[in-house]
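**Student:** Here you go, sequence then predicted model.
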Amino acid sequence: MAAKPVQHREEHVLIVIDGKGRKEILLREEYYSLGRGKQCNIVLQSQFVSRHHATIIKRSREDGSYYYRIIDGDSEGKVSVNGLLIDGRKVRFHDLKDGDKVVFGPQVYAIYQYRQYDIFPTIPPDDPFDITLIDPSTIDASLDVDN
């Protein structure tokens, strides 16, 4: 039986904290709009956030991997009223890195996480060498049918 290869997995996650609590968003799409407007992909619950506060776009690297860039405002260049603070600095745009904290307004922020892990294959259920060992001390003596 040939061993299955280990699969490497990467995830881009945005953890949003706003007036409605905490939500985790797995980033997969090419484009996200963030703001308090109902038309936004990621709605931020706060009166201090612009209707279209920021945009996140997926960007490719030369090696084929990708990353996400956050931009203040919408895709037409209209910036938000409060701007974006990332790790304490006001920015117009920023390439997101693991652990970045993006502040949209009072008590409204997001934390970007880049997660990497390996998925190890499991043994198929029809494996003839798959056995379960039972510790005799864990068996209840009252269940013994021979008594």
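**Tutor:** That came through fine.

**Student:** Could you check how far residue 25 is from residue 77?
**Tutor:** In this structure, residue 25 and residue 77 are 25 Å apart, going by C-beta to C-beta, to the nearest Å. C-beta here means a position set from N, CA and C on the backbone, and glycine is covered the same way.

**Student:** ditto for residue 86
**Tutor:** If you measure residue 86 against residue 77 using C-beta to C-beta, the figure is 19 Å.

**Student:** Compare the two (neighbour count), which wins?
**Tutor:** Using other C-beta atoms under 10 Å as the criterion, residue 86 and residue 77 rank with residue 86 on top: 20 against 8.

**Student:** From what I see, residue 110 and residue 17 are in contact.
**Tutor:** Yes. With contact defined as C-beta atoms under 8 Å, residue 110 counts as touching residue 17 (7.2 Å).

**Student:** neighbour-wise, which of the two wins?
**Tutor:** Using other C-beta under 10 Å, the more surrounded residue of residue 110 and residue 17 is residue 110, with 25 against 16.

**Student:** how many neighbours does residue 73 have?
**Tutor:** For residue 73, the count of nearby residues is 20 (other C-beta under 10 Å).

**Student:** Excluding chain neighbours, what is closest to it?
**Tutor:** Across the structure, with C-beta to C-beta, 6 or more residues apart in numbering as the measure, the residue nearest residue 73 apart from its sequence neighbours is residue 79 (3.9 Å).
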